[in-house]
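Novice: Got a predicted structure plus its sequence, pasted below:
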Amino acid sequence: MTSELPKFPAAKEFCLAVPLYEKFKYDDEKQNRFFSLEQLEGTLDFHCPECGQHSVFTARKNNFSSNSHYTNYVFSLLFRCSRDSTHQALFIFRAHKGILQKIGQIPSLADLALPDLRKYRKVLGADRFKELTRAIGLTTHGVGVGAFVYLRRIFESLIDDAHRVASADAGWDEDSYSRARMDEKIGLLKAHLPDFLVQNRSLYGILSVGVHTLSEAECLNAFPAVRLAIELILDDLLEQHERQAKLKSAAESLAALKASGGRGET
Ligand SMILES: [Zn+2]
């Protein structure tokens, strides 16, 4: 590996998940992923701020592009909401000297993400939820280190929560845990964390590196993996939360049924 730049993302991910200004290398515009981004057709599925709900967006044919392939090549992708074609989403890219960046988008990443994140508020709590939305808001503007600090704090607090539960397990080895790096900690907590996170724990070695030694680009690059990990943990917590609420209401119905002695039943 000679390049420090991240792998070129898939076209839909580039539009909907990759922060602005993150740099990707390409050799020429005919490279598969460059081409499939530039010629992106079909649909994107995301929250339409104007409808106030999820919608399917369809690519407009003949998207705009400047002609100067060799200096500043700018192209944009326009999508229209299937409910109302005046609801539009625009993504703008610039290719320059072998580097491709997304340089603008509307709706912003934060506008796209917040409605989906809101459901996590009840398991995350108000303070951590605020930090999560702040992190996403910062990446929207390409502020990598700042966003990463918030995300890392949330991630670590979720790992601490899992650690608190795990430390009650029989045979728990607190000594090795306290000496472990983040990716190793994830391995030790495997019974209490989502499988995907455990299997891909090598991605999280970066969380053991001091933030002051990471560049803006490294932070932006690590952001999607850390965000995914947070969402996976929260999905598990949300599921537990809902199961618990169901069990509680089932227990209450049963108790009410018993108290009524089954009267009125036929
Ligand atoms: Zn719409």
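Specialist: In hand now; what should we look at?

Novice: drop to CA atoms for contacts and neighbour counts, all remaining ones
Specialist: Will do.

Novice: Just the element for residue 56, please.
Specialist: For residue 56, the host element (DSSP states H and E) is strand 53-59.

Novice: just checking, next helix/strand downstream of that strand?
Specialist: Toward the C-terminus from strand 53-59 - assigned by DSSP H and E - lies strand 73-81.

Novice: Please give the centre-to-centre distance between that next one and its chain.
Specialist: Counting by Cα atoms, centre = their mean, to the nearest Å, strand 73-81 is centred 22 Å from the centre of its parent chain.

Novice: Repeat that for stretch 122-141.
Specialist: On Cα atoms, centre = their mean, the centre of stretch 122-141 falls 12 Å from that of its chain.

Novice: Identify the residues contacting it?
Specialist: With Cα atoms under 8 Å, 6 or more residues apart in numbering as the contact definition, stretch 122-141 has outside contacts at 19-20, 108-110, 113-114, 120-121, 144, 146-148, 150-151, 154, 220, 234, 237-238, 241.

Novice: Buried residues, it. List them.
Specialist: For stretch 122-141, burial by neighbour count (16 or more other Cα atoms under 10 Å) applies to 123-124, 128-129, 131-141.

Novice: if you look at those, which of them are in helices?
Specialist: Under the assignment DSSP state H, the buried residues of stretch 122-141 contribute 123-124, 128-129, 131-140 to helices.

Novice: all helices for the stretch 151-266 of the chain, in order.
Specialist: Ranges of helices within the stretch 151-266 of the chain are 174-179, 182-188, 195-199, 216-259, based on DSSP state H, counting those that start in this stretch.

Novice: Over the third one, what's the mean pLDDT, rounded is fine.
Specialist: Translated: helix 195-199. The pLDDT scores in helix 195-199 average 88.

Novice: Pull out the buried positions in that helix.
Specialist: Within helix 195-199, the residues scored as buried using 16+ other Cα under 10 Å are 197-198.

Novice: which other helices and strands contact it?
Specialist: In terms of contact count using 3 or more Cα pairs under 8 Å, 6 or more residues apart in numbering; DSSP states H and E, helix 195-199 is assigned the packing partners helix 182-188.

Novice: What lies in contact with the helix it packs on?
Specialist: Counting by Cα under 8 Å, 6+ apart, 159, 177, 193, 197-198, 201-205, 207-208 sit against helix 182-188.

Novice: Kindly recompute the last result at 10 Å.
Specialist: The contact list for helix 182-188 (Cα atoms under 10 Å, 6 or more residues apart in numbering) reads 156, 159, 162-163, 166, 172-173, 176-181, 190, 192-194, 197-209.

Novice: Buried ones among those?
Specialist: Among these, those classed as buried by 16+ other Cα under 10 Å are 159, 162-163, 166, 177, 181, 190, 192-194, 197-198, 201, 203-204, 206-207.

Novice: and the ion, which of these contact it?
Specialist: The subset of those within reach of the ion, counting by Cα under 5 Å from the ion, is empty.

Novice: Restricting to C-alpha, output stretch 217-235 in CSV.
Specialist: What follows is stretch 217-235 as a C-alpha-only set of coordinates in CSV (Å, rounded to 0.1, in the frame of the first residue of the first chain):
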residue,chain,number,x,y,z
ALA,A,217,-8.2,13.0,6.5
GLU,A,218,-7.6,10.0,8.8
CYS,A,219,-10.4,11.1,11.0
LEU,A,220,-12.8,11.6,8.1
ASN,A,221,-11.8,8.2,6.8
ALA,A,222,-12.4,6.4,10.0
PHE,A,223,-15.7,8.2,10.7
PRO,A,224,-18.1,5.9,8.7
ALA,A,225,-16.7,2.7,10.4
VAL,A,226,-17.0,4.2,13.9
ARG,A,227,-20.5,5.5,13.1
LEU,A,228,-21.6,2.1,11.8
ALA,A,229,-20.3,0.5,15.0
ILE,A,230,-22.2,2.9,17.1
GLU,A,231,-25.4,2.3,15.2
LEU,A,232,-25.0,-1.4,15.4
ILE,A,233,-24.6,-1.3,19.2
LEU,A,234,-27.6,1.1,19.4
ASP,A,235,-29.7,-1.2,17.2
